[in-house]
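> coords please:
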Amino acid sequence: MSRNYVGLGVSLPHNLVADLEGFAARKGCSRAEAIRVSISTGLPLLNAGLAINARRTIAILEHTQLALSLMIERESPEDAAELLKLAFRNVDAHHS
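Numbers count the residues shown, from 1 in each chain. Take a look at the predicted model:
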């Protein structure tokens, strides 16, 4: 184990282990890395006092995106393709 890590034993329910293993397989990472990513993503939210309902959050994001896309296509159709291109550029630059 690397000097940068502290070994930590924890027991998890079978279904959570299966979810972590599925995530690790999809991302091509180890189970340990999947756990580190899960904690580093979720712990800041918990520390901020936020409880996230993932399904509701995704529904809000999708609804907002659809409404905004519809408004742009109606009001400024000549800008729609460029805005979409810039959005994916930002995803690649900031979220990959």
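> helices or strands up against the helix or strand that contains Thr64?
In this structure, Thr64 is located in helix 54-75 according to DSSP states H and E. Helices and strands touching helix 54-75, as assessed by 3 or more CB pairs under 8 Å, 6 or more residues apart in numbering; DSSP states H and E, comprise helix 77-94. For every residue, glycine as well, the C-beta is placed using N, CA and C.
> Of all the residues in the helix it packs on, which ones are buried?
By 16 or more other CB atoms under 10 Å, helix 77-94 has no buried positions at all.
> In this protein, where is pLDDT below threshold?
1-2, 96 (pLDDT under 70).
> centroid residue for it?
When CA atoms, centre = their mean is applied to the chain, the residue found nearest the centroid is Thr41 (8.2 Å).
> just the CA coordinates of the helix holding Thr64, formatted as CSV?
Extracted in CSV, the C-alpha atoms of helix 54-75 (Å, rounded to 0.1, in the frame of the first residue of the first chain):
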residue,chain,number,x,y,z
ALA,A,54,-30.1,11.5,-7.2
ARG,A,55,-33.3,10.7,-9.2
ARG,A,56,-34.9,14.1,-8.3
THR,A,57,-31.6,16.0,-9.0
ILE,A,58,-31.3,14.3,-12.5
ALA,A,59,-35.0,15.1,-13.2
ILE,A,60,-34.4,18.8,-12.3
LEU,A,61,-31.3,18.9,-14.5
GLU,A,62,-33.0,17.3,-17.4
HIS,A,63,-36.1,19.5,-17.2
THR,A,64,-34.0,22.6,-16.9
GLN,A,65,-31.9,21.6,-19.9
LEU,A,66,-34.9,20.7,-22.0
ALA,A,67,-36.6,24.1,-21.2
LEU,A,68,-33.4,26.0,-21.9
SER,A,69,-32.8,24.2,-25.2
LEU,A,70,-36.4,24.9,-26.3
MET,A,71,-36.0,28.6,-25.4
ILE,A,72,-32.7,28.8,-27.3
GLU,A,73,-34.1,27.0,-30.4
ARG,A,74,-37.1,29.3,-30.5
GLU,A,75,-35.4,32.6,-29.7
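> Can you give the distance of it from its chain's centre?
Distance of helix 54-75 from the chain centroid (CA atoms, centre = their mean, to the nearest Å) equals 17 Å.
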